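# Prediction below, plus the sequence it came from.
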Amino acid sequence: MSLKLVIRRLLFLVLVIWAASTIVFFIPRLSSRNALRERFGELARTGGFSPADLEKIIASMNRQFGLDRPLYEQYWTYLGNILHLDFGYSLYRYPTTVTELIAQSLPWTLGLLLVTTILSFIIGNLLGAVAAWPRAPHWLRAFATPFILLTGVPPVIMGILLLFFIGFRLKWLPLGGAYSVGVVPTWTWTFFFDLMRHQILPGLALILGSVGGWVLSMRGMGVTIQGEDYVNFAEHKGLTGGRIFRDYYLRNAMLPQVTGLALALGTMVTSAIIVEGLFGLPGIGTMLNLAIRANDFPTIYGIVLFITIAVAVLMTIVEFIYPLLDPRVRSS
Amino acid sequence: MSTVALSPPILKQVERPSRFVLFLRYLRRNKGLAFGVLILLGLVAFTVIGLMTVDLKQAYPLSVAAKKPPSWKYPFGTDFFGRNLLAAMVVGMWQTAFIGVFAGGLGTLIGVVLGFISAYFGKWIDGTIRTVCQILTPIPVLLIQVVIAGSLDKRDVTIVTMALIVVLLAWMGPTLVIRSQVLTMKERQFVAVAKLSGVSDLGIIFKEILPCLLPFIAAAFVAQVFSAVFAAFYLAVLGLGPLREPLLGNIIWAAQSQGAFFNGWWWWPIIPSIAMILILGSLALINMGLDELANPRVRRSE
Amino acid sequence: ESPGLPAAQEIVPKGPLPDVPRNQTLNLAWGVSGGTSIGTTNPWVLPGYTHQEGNNLLFEPLMYFGIFKDGGQFIPWLADSMEYTKPDFTELEIKLNKDAKWSDGKPVTAKDVAYTFEGQMKYETLPYHAHFTQFVDSVTAKDDLTVEVKFKQPAPRFKFEVLTEKFDTGLPIVPEHWMAAQANPTASVGLDEIPHSGPYSVVAWNANQKILDLRPDWWAVKAGRSPEPAVKRVVIVNILNQPIDTVAQRLVNNEFDSSVDMRAQVIGNILEQNKDVQSWTGTESPYGYLDWWPNSLWMNTQLAPYNDVKVRKAISLAIDRDRINEVLYDGAKIATIYPFPLYPNLQKFADSDAVKAEAAKYEPGKFDVEESAKLMTEAGWTKNGDGLWEKDGKTFDATIQAFETIHGDIAPVLAEMLRQAGFDSNVNFGTDAYQNMVDGKAGLYLFGHGASLYDPFEALNLFHGKYSESIGSAAGNNRFSRYKNPEFDKILDEISPLGSDDPKFQEGAAKALGIYWRDVIDVPVIQWLHRIPYNNHYWKNWPSSTNVAAGENGAFWAHTGALVITGLQPSGAN
Amino acid sequence: MNTILVQDPARPVEAVRLRAVGDGGPILRVNNLEVTYYTDSGRAKALDDVSFTLNSGEKLGMVGESGSGKSTLALAMMRMIKAPGRIEGGSVVVGGGDLMTLDAESMRKARLSRIAYIPQGAMNSLNPVTRIGAQMVDAVKSHLPREGRAAIEARCKRALQSVDLDPGVYRMYAHELSGGMKQRVCIAIGILLDPHVIIADEPTSALDVVTQRQVMETIDNVQKAINAAVILIGHDMGLMAQFVDKVAVMYAGRLVEVSTVREMFTDPKHPYSQALISSLPSLGNKGVFQGIPGLAPSLLRLPSGCAFHPRCASAMPHCTTIRPEPQVLPGGRRVTCHLYDGEA
Amino acid sequence: MADLLRLENVSKVYSHGIINAHSTIALRNFSLTLKEDEPTILTVAGESGSGKTTLAMLLLGFITASAGQIIYRGKNIASLHGAEKMAYRREVQAVFQDPFAVFNPFYTVDHLLTVPIKRFGLAKSKADARNKMEEALTAVGLRPEDILGRFPHQLSGGQRQRINVARALLLKPRLLIADEPVSMVDASLRATILETLRNLQRDHGVSVIYITHDLTTAYHIAKSIIVLYRGSVMEAGDVDRVIKEPQHPYTQLLVDSIPWPNLDQRWGAQPIKAREVGGNTDGCRFRTRCPMAMEICKQDPPLFRIDERHAASCFLYEKRPEIAKAQLSELLPV
Ligand SMILES: Nc1ncnc2c1ncn2[C@@H]1O[C@H](COP(=O)(O)OP(=O)(O)OP(=O)(O)O)[C@@H](O)[C@H]1O
Ligand SMILES: Nc1ncnc2c1ncn2[C@@H]1O[C@H](COP(=O)(O)OP(=O)(O)OP(=O)(O)O)[C@@H](O)[C@H]1O
Ligand SMILES: [Mg+2]
Ligand SMILES: [Mg+2]
Ligand code: NI
C-alpha cells in the first residue's frame, strides 16, 4: 500500500474523531440542563452536605472545568485535550480522570466484548454460510437457518431471558457480579475460573443476541457467492465439497463481513452497556450506565468518544489489513 | 423494401399473470420473506383489531385490577400498575409502529433525497455528502442517541421526539446505499437511452432511476424501520422513553424495576419481549427477503 | 481554598487479605451511590463523603439515638453525658468517655470535639454549618474530657438534631491530630489513613465492593459499650446496576446477608422462598420499620398555578390514599396525612385533641374528585376534549419530579391519579429532578420530610418563611415549598425555644399543623417504610420489632448501622 | 481403465500421452441424454434424446441458437445439472465407464481427470483471492492426494507452459491477468490431469478476435499433445470452420445434424443447418447475407411435430404433426429431418 | 455542403485515482467530418480498449473531450441549449451493444418508444403514436402485438435488439451510432439486424457509424472503415481495400485473425505478440507488438496515403504522401 493511501486513511480517521468530538461537545451545550448543578444537587441529596453555598461551589467548579470561558475557547482546549486522549475529569469520581476510569473498566469490557464479538462473528458466519450453502447436509442447514430468527432478539431481551431461565430457575450460573462476593482480584487460577463462571451468562447474551445479524448478512453474502462462476468451476475441477466451501465460498463471502466487524463493535458496546448492567459487571458499559444515571457528563462524553475512536481506529486497522485478505485491493 | 421476414405468430398467447400474483408466487419461493410478511401481517391485524375492540384506556395504569396472570378476562394478564397488558400491547404496538414508520420513513426519505443529489450531481456535492456519511458512520449511533435523549428535558420526551432522535443519526445508511445504487443505475444504458430520448435530468431521476430503485428503497426502509424500532426500544429500556406510554421497551423496563420475574409476574416482561422479538424478527426476515429481491443475481427466478 | 469534589482513589490491599470464612463475613448488598467518592473516608470531604457505604463503621458520634426503645432514648457513645446546663437551653456540657481511642491509639479528647464543632462553623460546605452559625456562640474544651458549648439563642433541639446520630443525621467526631495536620482538611480524602474510632477499618475499596475488617482493639469493648463484635469482615457489594430481581434472588441464595430495602412484594417473596430471611416485622406485612422520611407531593407555592391554594387543594383531593395502600402495599396502612413519621412521641402529638380538631376541620386526607373539579373550575380551569384541565390553551403541567430508585412504584401511580382527575401529569425520573426541585423550576415534587423524629418542630420548620427563597435561587436543606406566611412564622418563632413536652409547644405546633393543612403547603402521601431483608443463615440477632436492642433502626447503612453490625451473632452455619 | 494410469504419480505425463495416442475407438459415447428443467411455468425439456460419439483426438463443434441447450449438454456430461434441472436418462460413457452410474465421490474424481470443463465466463471463473498456483494445486490434490508438493508444482507449471503462459503466472492473482490469459489458465487447469474429454463452453465469446485466435490455437495445441477429444461449444460458425473436425447442430434441445466440418459447410442437410450456413458472411459474397427468419421456440411450448417447422422453408404437411427421429445417412451423417425419411 | 458533425483533433484522457493519478489516452487527436446530405456507413473497428466506445460517447455528448472540439451544425456541442440541444439529441441517436441493458426493467418495452415520441413531439395523438410505433416495429420484422405491453425479460435478445433498431427508425436521426449492435445477438439474427441498419442508411438517409471488432460484419455492411488501436487511427479507407489488402501491420494481424467461415481460408501462422498491460504512450502505439517495428516508430507516425481511398499511419509507408489527420474524412468513400 502506498504511503499516500496510508496518510489518506489516517487523515480520514482524524476527521471521524473530530466529527465525533464536535458532536459530543455541542450536544450537552444545546440542552438547557446544567449537568454540574444536577450532579451537585444529587450529591447534596445523598451525601447530606449543605447546599446553601451551592452556587459558589458551582461557580468554582465551572472555573475548574473551564466552563466560564467563551465557547470557542472551550472548544479549542477540548480538541487539544482529545489529541492526547485527555477527556477531562469525571464528575462522578473526581479527580479520577475519565481516561483513568476507562483504563480501569476497559479490561473487563475488552475481555467480554472481544471474546463475544469474535465468537459470534465466527459462529454467525459459519452458520450463515452453511445456511446458504446448497450442498450442506440437510440437517445442518435446518439447524443453521433458525439462527436468523435470533436477529429479532436484542441482547437485552436475551440477557433477561437467560438470567431468568438459567440464573433464576435452573441456578446453574451466578446471577451477577464480576467475581464472587468478597474475593479480591488476584492472578490465580481460582480467581480466573471464578471470573469465567461469572462471564458465561453475559457472554452468552451478547453472543446469542448478535449472532443472528451475522447469520443473516452472511447468508445474504453466501447466496451471492455460491452463484459465482469460480465456485462452479471449482466443482468442475472435482474438488471436494469441504474445500470448495472453505477456500472458494467462505473465503470470498467473508470479505465484506470483515469490514462489518469493526462497525459491529460499536453496536456490541451499546448492547454491552445494558448487559453489563444486567449482570453487574464493572466494565465500560456499567461505567457509562452509572455516568448516565449520575449525569456525569465528562464521563459520558469521554466514553462515547472513546468508543467512537476505538471503532474508527479498528475500522482503519481493518482497512489496512483488508488488502492482506483481498489481493484485488492490494494492487489497486 | 426489406428482406426481413416477419416473426411467425406466437401460437399460444402466453398468459401474463398480474404483478400481485407474481409477488405471491415469489413469496412461495422465498419462504423467509413470506414468513416475515405473515408475522408482520399478523401483528398489524392484532393491532388494528385491538385498536377497534379493546378499551385503550386500559393501557394506562390504575385502570384494571393489578398483577393478574393471563386469564380469559385478561389474555396477557395485568401489570403491577394495573394496566391490561392486552390493551398495553395494542397501544404499544401501535406506538412502536408509529416510531418505526415515522423514523424509518423520514430516515429513508432523507437518505433517498441526499443519495440522489449526491450521486446525480456528483462533484463537490457528492464529495461532501459522501464524506459526511462516511465520517458519521463509525460513530455508534445508539450511544449518541442515548446521550441526546439523556440531555433532553423529560417533558420533551414524547413518541415523536423519540422518533426524531432516532432519525437524527440514521440517514447515512440509506444515503450511502441509494447513492451507490444511483451511481450504478446512472451508468446503466437505459439512462443513456433516456437522455437520447430527450428526457431531462429530473425526468431521468424520477421516471427512470427512481422506479428501479424501489426494491432498494423498500429494503432500506425496512432496515431503517428495524433500527428505529431497535433504537427506540433501547432508549425505553434505559428508561429514557416517555414513561407513561406503554411502549414495549417501557413495559419491560418497568417490569425490570419492579422485580417482575422474582415476584412471579413472568408475563409482564415476557409478553412485550415476545412482541418485540416478533416485530424485529419479522422485519429482519422481510429485510432479508427484500435484499434478495433487490439483488437480481440472488433472486430465485422462475 | 477552593471547594470542589473529593479525590476518589481506590484502596488496594497492600498484600493478600487474611482469609475470613464466610460464616464470619457479613455480605451486604448496597448501591445507592456506588462508586461516588471511592476512597473518601474523611467526613469533612464534602461533597463526596457519605456515611452510608460503611463509613458509619469508622466514625462515631457523641451519642446515638435509639428511636424504637421506650419511645426513643439517647445511647451514650463517645460522650458519657451531654446536658443542658441552663434551663433556657443556652449552654451545654459534654463529658467524654475516658476509654475512647482512635485507631492509632491516641485518646479521643475534648480537643477533637471542639475541633469538630469549630470546623462546622468554619467550613460552609459542612452539613451543620448553618446550624452552628445560627446557634453556637462558643465551644471550649474545659479539660481533656469536658467540652462546653455556649449558644447565641435557646437551642433546645441542638443536642438531638445535631450532636446525636440517628438515621441519616447527626455529627461524627473527627480526629483533630490528623485533620489539623492536613493542608486542607476538607480536601484530604482520608483513604485508609485517617484515624477513626469505629470498630472496622477499610482494607479494600473499588467500584465493585468495599471490604472492612474488624479492628482488634476497639475501645468500645473495653469500655463496656459493646460486646466483642462477631463479624470479622464486612463486604459491601455494589449492586447499583443490577435489577432488583437479581439482588433478591442472591439473598434467597444466601449470597447476601442483608441488602438495601425492598419493595413490599419483593420482600414478601424473599421471605417465602428462604425461611432464613426475616424482616423487621418477621414474616408479617408490612415487613418494614417506620423511617423518618414520610413522602409528600411538594409544591412550589410561588409558582403558578401552584401558588393558588385552590389548585393545591384540588390536587390533594385527587389523591386516593386507600387506593395507594391497596395497589402498592397490599393493604398495609402506609398512606399518611402527616409531614412527620408517627414515632411514639409524634403519634401522641397526632392523637392529641388539638391536632384531631384541625384534621377534622381541613380534612387533609379527603379523596373527592368532584370537589377537586369544583375547585379547579373556580380557579379558572376548564376541561378539554381529553378530559384534562386547560387554561389559555395549555394543559395543567403536573409533571412529578421524582427518583426512580425509590419512587419507581409510587410516582407513576400518583401521576395516574392526578391524570384521572384531569391534571396532565407525568413523571420525571431524570437526573435533573432534584435540581428542578432545588431551583424551583418545576411545580410538583415527590420528596421526603427528613426532619422530625421526636417532636413536630423540625418538620414544621421546613416551611418557615425565613427559608423561603425566591424562584431561581437554591432552596436550602430541601425546603422546596418556598412557603411564606407571617402568621405561620410567628407561631414557629414562639414555640422554637420551648421544650418538646411544654404544653404551649404542643398547642402552637397543632395550630401550625392546621395552617399546613389549610394552606395545603404540600400533600403528604405515604409514610416511608424500610423493608430490609435480614438473612439469618449465617447471622442472627438482627434488630426487629420484637428484638429492639438499643432501639436503633435496622438499616446497616444509617448512622446507627454500627450498632446493628456489632450486635450480630453467628448462627452456626458453615 | 485409464484412471489407473492417472493415479500413478510416478509415471510421467508423457507416458500417458503416448499411450493415449495409441487408443483408436470412440472415447466418448453419449446416448439418449435427456435433461428437463422443472420450472414454475412448466417443464422444459432442454436436452431430448441427444446421442453422439467422439474418438480421442477428435474435435466436435456444438452449435445452435441461444437457449438451444448447448450449455445444458456440457453440464449434463459433467453431471453438474442443478435444481430445478434433472438428468432424466441416458448415459455418458467416457473411455469405457458410464459417468451416470458413478456414485458422487467417484464422479467427483472423474471430473477433471476423465472429463474436463473449460468454462464460458473465464473472467470470473478464477477465485479472486487465492493465487493461480493454489487453485491449480488444489485441483491436483483433490485427485492425487499422494502426490508430493514439488511434483504437483512441476505438473502445474508444465501445464501453464503448455498453454504458452509464463510459469510466473503460478504466483499471480486472477486480477493481474488479462482476459486471454485467464482463459488460458482455465485451459491449463482443464488439462492438468490429461482428461479424455475436454468440454469448452464458448471459451472465447468474451475475447476479441486476436486473443480469440490465440486461445483457440492454444486449445488446439494442448489437445493434440494429450490426444483428448474436445467439444467446442459456440455459435460462431467461423470459429468452427477454423477449429473443429465435426459439427453438431442443436435445435431446441435436439441434435438435428451431426456431420464433418466439410460436409456441413459444403452440403448441409438439415434445413436449419442450411439456413445457418447461408447466413454466414464471407469475403466472396459481400452484401449477400441473410438471417434465419423467425425466433427460437420456447422450450416450454415447443411447436408440435418438428420444432423447426414454423421457420422451415421446406416444411411439409406432416412436419407439423410427426416428430422426426434421428437417422444415420449413408456416410455416417446423422440428421433429424423428415426430408431424409427413407434415405437411411 | 453543410457539416452535420465535425470532430476536430479530439482527444480523450481518462485519469483514475486522485493521488496516484495515472491516465489512459482513450482517443488521440481524432478528426472526422460527417456531411449532412451524404448518408454513409462508416465502420470504426479495433480490438477491445481501442477507444471505440469512447468515440461513440463523445459523439453522443455523454462525455466531454479532453482536447479538441466537437461541432454540431457549426456549434460546439458543449454549448448547446434549449431547442438546439433537443434537435441535436434527436438527430444523433444510438443503438447499443447490450440489448438488455437499454431497457428499463421497470417498464414494458413500449417505454423505449413512447418516451422519445412524447419528448420530441413526434405524434399528434395517442393513436398516431401507436401507429408510428407499430409501423417501426413492423419495419424491423416484429409483430407489434407480440411485443407491445411486454417486459424486456419476456423477449429474446434478438427481439430486444430489433426494438432498439425500431427506435432508431422511428426517430429517423441524421446520424446513428451503433456500438457493437450485434455482438450479443445470435449469429443467425445478426444478418437481419444489420440489414435493417443498412436500410436505414439507404432508404432513410441516415448516416451510420458502425462500431465493432468483428471485421466480417464490417466488411459486409460498411462503405468505409477506420481502424483504431489504443486511441490512434492505424488505417482508414475503403472497406474493401482495407480488409482485402491491409497495409498496417496491426490491420494485418486483425484481418489475419478473423475466423472466416470458410474451410479454405485458415488462420495465418504469424505468431501473435501478447499485448502489454501498460504499453508505450508515445510514438506508434502498436510498436511493441509490431513484428516490423523500427527505430523511427518511436516517433508519432503521420497518416500516409496509400491510394485515393486508403491511408495508413505507419512508417513502412514513409515514402507515400502524408496527409493531415484532419483530412481523413476526405478519403473515406460515401
Ligand atoms: N437453471 C435453469 N432453470 C430453468 N431453465 C433453464 C435453466 N438453465 C437453462 N435453462 C433453460 O434450458 C434451455 C437451454 O439452456 P442453455 O443454457 O443450455 O442454452 P445454450 O444453448 O447454452 O444458450 P447460450 O448460447 O445462450 O449459452 C434454455 O431454454 C434455458 O432457458
Ligand atoms: N470511464 C472510464 N474511466 C477510465 N478509463 C476508461 C473509461 N472508459 C474507458 N476507459 C479506458 O479507455 C480505453 C478505451 O476504452 P473504450 O471503452 O472506448 O474501448 P472499446 O474500444 O470500446 O473497447 P471494447 O471493445 O472492449 O468495448 C480503455 O483502455 C479503457 O480502459
Ligand atoms: Mg450457454
Ligand atoms: Mg466498447
Ligand atoms: Ni432511610
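Okay, I see it. Ligands and ions are numbered 1, 2, ... in the order given.
# Could you count how many residues lie near the closest residue to C:R263 other than its chain neighbours?
With sequence-adjacent residues excluded and distances taken as Cβ to Cβ, 6 or more residues apart in numbering or on different chains, C:R263 is closest to C:D409, at 5.9 Å. From N, CA and C alone the C-beta is placed, and that goes for glycine too. Using other Cβ atoms under 10 Å in any protein chain shown, the number of residues around C:D409 comes to 19.
# try A:P137
Residues within reach of A:P137, counting by other Cβ under 10 Å, total 11.
# got the contact list for the residue of the stretch 451-574 of chain C found nearest chain B?
Here the stretch 451-574 of chain C gets closest to chain B at one residue, C:P533, 12.0 Å apart by Cβ to the nearest Cβ. Each residue near C:P533 by Cβ atoms under 8 Å, 6 or more residues apart in numbering or on different chains is listed here: C:248, C:251, C:258-259, C:262, C:267, C:270-271, C:277-279.
# Leaving out chain neighbours, which residue sits closest to C:A373?
Nearest residue to C:A373, sequence neighbours excluded (Cβ to Cβ, 6+ apart): C:G422, at 6.8 Å.
# ok so that neighbour is a helix residue?
No - if the criterion is DSSP: H, G, I helix; E, B strand; the rest coil, then C:G422 is coil and not within a helix.
# What does it show for phi and psi?
Note on C:G422: backbone dihedrals following degrees, to the nearest 10 are phi 100, psi 0.
# What are the boundaries of the strands in the stretch 201-334 of chain E?
Taking DSSP state E, counting those that start in this stretch as the criterion, the stretch 201-334 of chain E contains strands spanning E:207-212, E:224-229, E:232-238, E:303-307, E:310-312, E:322-323.
# Export these to a markdown table and append columns for mean neighbour count, distance to ligand 1 and mean pLDDT.
Formatted as a markdown table, the entries for those read as follows, by neighbours: other Cβ atoms under 10 Å in any protein chain shown; distance: least, Cβ to the nearest ligand atom, whole Å; pLDDT from 0 to 100:
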| stretch | mean neighbour count | distance to ligand 1 | mean pLDDT |
| --- | --- | --- | --- |
| strand E:207-212 | 26 | 20 | 92 |
| strand E:224-229 | 26 | 29 | 92 |
| strand E:232-238 | 26 | 33 | 91 |
| strand E:303-307 | 20 | 40 | 88 |
| strand E:310-312 | 27 | 37 | 90 |
| strand E:322-323 | 14 | 44 | 86 |
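# Any buried residues in the lengthiest helix in chain A, and which?
In chain A, with assignment by DSSP state H, the single longest helix is helix A:189-226. Residues of helix A:189-226 classed as buried under the neighbour-count rule (16 or more other Cβ atoms under 10 Å in any protein chain shown) are A:194-195, A:198-199, A:201-226.
# go on, stretch C:108-126?
Going by 16+ other Cβ under 10 Å, stretch C:108-126 has these buried residues: C:108-117, C:119-121, C:123-126.
# what about D:L295, is that helix, strand or coil?
With three-state DSSP as the criterion, D:L295 reads coil.
# Setting aside sequence neighbours, what's the nearest residue to the residue in the stretch 51-200 of chain A positioned nearest to ligand 2?
Using Cβ to the nearest ligand atom, the single residue of the stretch 51-200 of chain A nearest to ligand 2 is A:A132, 33.5 Å away. In space, A:A132 comes closest to A:G222 once its chain neighbours are excluded; the distance is 3.1 Å by Cβ to Cβ, 6+ apart.
# go on, C:D455?
C:S500 (3.7 Å).
# residues near that neighbour, how many?
The number of residues packed near C:S500 is 18, by other Cβ under 10 Å.
# That one belongs to a strand, doesn't it?
No - in this structure, C:S500 is coil, not part of a strand, as judged by three-state DSSP.
# From ligand 1, how far out is it?
Using Cβ to the nearest ligand atom, to the nearest Å, one obtains 97 Å as the distance from C:S500 to ligand 1.
# same question, A:Q199
49 Å.
# what ranges do the helices span in the stretch 151-300 of chain A?
If DSSP state H, counting those that start in this stretch is used as the criterion, the helices of the stretch 151-300 of chain A fall at A:155-162, A:189-226, A:229-236, A:241-243, A:251-279, A:284-294, A:297-325.
# The fourth one: which residues count as buried?
Of the residues in helix A:241-243, those with enough neighbours to count as buried (16+ other Cβ under 10 Å) are A:241, A:243.
# Report how far apart the opening and closing residues of stretch D:204-212 are.
5 Å (Cα to Cα, to the nearest Å).
# Name the residues that touch that stretch?
With Cβ under 8 Å, 6+ apart, stretch D:204-212 has contacts from D:120-123, D:178-180, D:183, D:215-216, D:234, D:236, D:239, E:47-48, E:213-215, E:253-254, E:257-259, E:272.
# pLDDT weak spots in chain A?
Low-confidence segments of chain A, defined by pLDDT under 70, span residues A:1-2, A:31-33, A:39-57, A:93-95, A:330-332.
# what does chain D put close to chain B?
Applying the criterion Cβ under 8 Å from any Cβ of the partner chain, the portion of chain D that neighbours chain B consists of D:39-41, D:290-291, D:293-295, D:301, D:303, D:310-311.
# Put the buried members of those residues into a ChimeraX selection.
To isolate in ChimeraX the members of the residues of chain D next to chain B that are buried, counting by 16+ other Cβ under 10 Å, one can use:
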select /D:290,291,293,294,295,303,310,311
